[in-house]
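Visitor: Sequence and predicted structure, then a few things I'm wondering about:
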Amino acid sequence: MNSIEPTGQCYCGCKSAVGATSYFLPGHDKKAEAMLTKLQHGPDNAVARRLARSGFGPGGKSLLDEYQRVEAMSYADFAAQRLEFLAFQTLQEMSGRPGISHAVVFTAPGNARLLPTATPAEPAPKAMNTTNLPLGGGTVIAWGFDHVLSEEEQNLVRLRFGGQDGTWSTRT
């Protein structure tokens, strides 16, 4: 399903007719959101529990304050913060995969690309992952290796990133 155009039928699945420019009957958007949340996060995933697991709520961070802070940021500032968080998450995930002894993550503003293989001596990654944030918000490229890279191998891998303006992180 590629299109999200109004169809004249409620998107929650109740099959009720809606106006020509509407997606839901009144209140059915919240009903659909609750059903989708339950399907994606499990039956014991109340909003309060999700907030608490994320550090929000009484005695924790204020969701409203955080939302207002993010709303006040420029897109570039928000993207940079999101890129840093995504890089940290990706490095943890890649280094935790079975059989991965050395994880490498490169982040760059915009849509970064890898250069062709620098040399046949370049180590081949066992696992790879690339994530591009929308609107050119940045790129996270992660590689996982089945052995700890020597300094020479790390330098060869760095060459693949072509000296692009970005940040290099590694974890063994």
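Guide: All right, it came through fine. Numbering: from 1, shown residues only.

Visitor: quick one: the host helix or strand of Lys38 to chain centroid distance?
Guide: Per DSSP states H and E: Lys38 is located in helix 28-41. Chain-centre distance of helix 28-41: 21 Å, with CA atoms, centre = their mean, to the nearest Å.

Visitor: Keeping just the C-alphas, turn the following helix or strand past that helix into CSV.
Guide: For helix 28-41, the following helix or strand on the C-terminal side (DSSP H and E) is helix 47-53. Only the C-alpha atoms of helix 47-53 are listed here, as CSV (Å, rounded to 0.1, in the frame of the first residue of the first chain):
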residue,chain,number,x,y,z
VAL,A,47,1.4,4.7,27.3
ALA,A,48,2.4,5.3,30.9
ARG,A,49,4.7,2.2,30.8
ARG,A,50,6.3,3.3,27.5
LEU,A,51,6.9,6.8,28.9
ALA,A,52,8.4,5.4,32.1
ARG,A,53,10.7,3.0,30.1
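
Visitor: buried set for the helix holding Lys38?
Guide: His28, Ala32 (16 or more other CB atoms under 10 Å). Any C-beta I mention is one placed from the backbone N, CA and C, and that applies to glycine too.

Visitor: now do stretch 92-102
Guide: So, applying 16+ other CB under 10 Å, buried residues of stretch 92-102: Glu93, Met94, Ser95, Ile100, His102.

Visitor: Now for the chain, the helix or strand with the poorest mean pLDDT.
Guide: strand 167-171 (a mean of 69; mean pLDDT, DSSP states H and E).

Visitor: Please save the CA atoms from the helix holding Lys38 in CSV.
Guide: What follows is helix 28-41, C-alpha atoms only, in CSV (Å, rounded to 0.1, in the frame of the first residue of the first chain):
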residue,chain,number,x,y,z
HIS,A,28,-11.3,6.4,15.2
ASP,A,29,-7.8,7.7,14.7
LYS,A,30,-7.1,7.3,18.4
LYS,A,31,-8.7,3.8,18.3
ALA,A,32,-6.5,2.9,15.3
GLU,A,33,-3.4,4.3,17.0
ALA,A,34,-4.1,2.2,20.2
MET,A,35,-4.7,-0.9,18.1
LEU,A,36,-1.5,-0.4,16.2
THR,A,37,0.5,0.3,19.4
LYS,A,38,-0.8,-2.9,20.9
LEU,A,39,0.1,-4.9,17.8
GLN,A,40,3.6,-3.4,17.5
HIS,A,41,4.5,-3.2,21.2
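
Visitor: which outside residues touch that helix?
Guide: Cys10, Tyr11, Cys12, Gly13, Cys14, Ser16, Tyr23, Phe24, Asn45, Val47, Arg50 (CB atoms under 8 Å, 6 or more residues apart in numbering).
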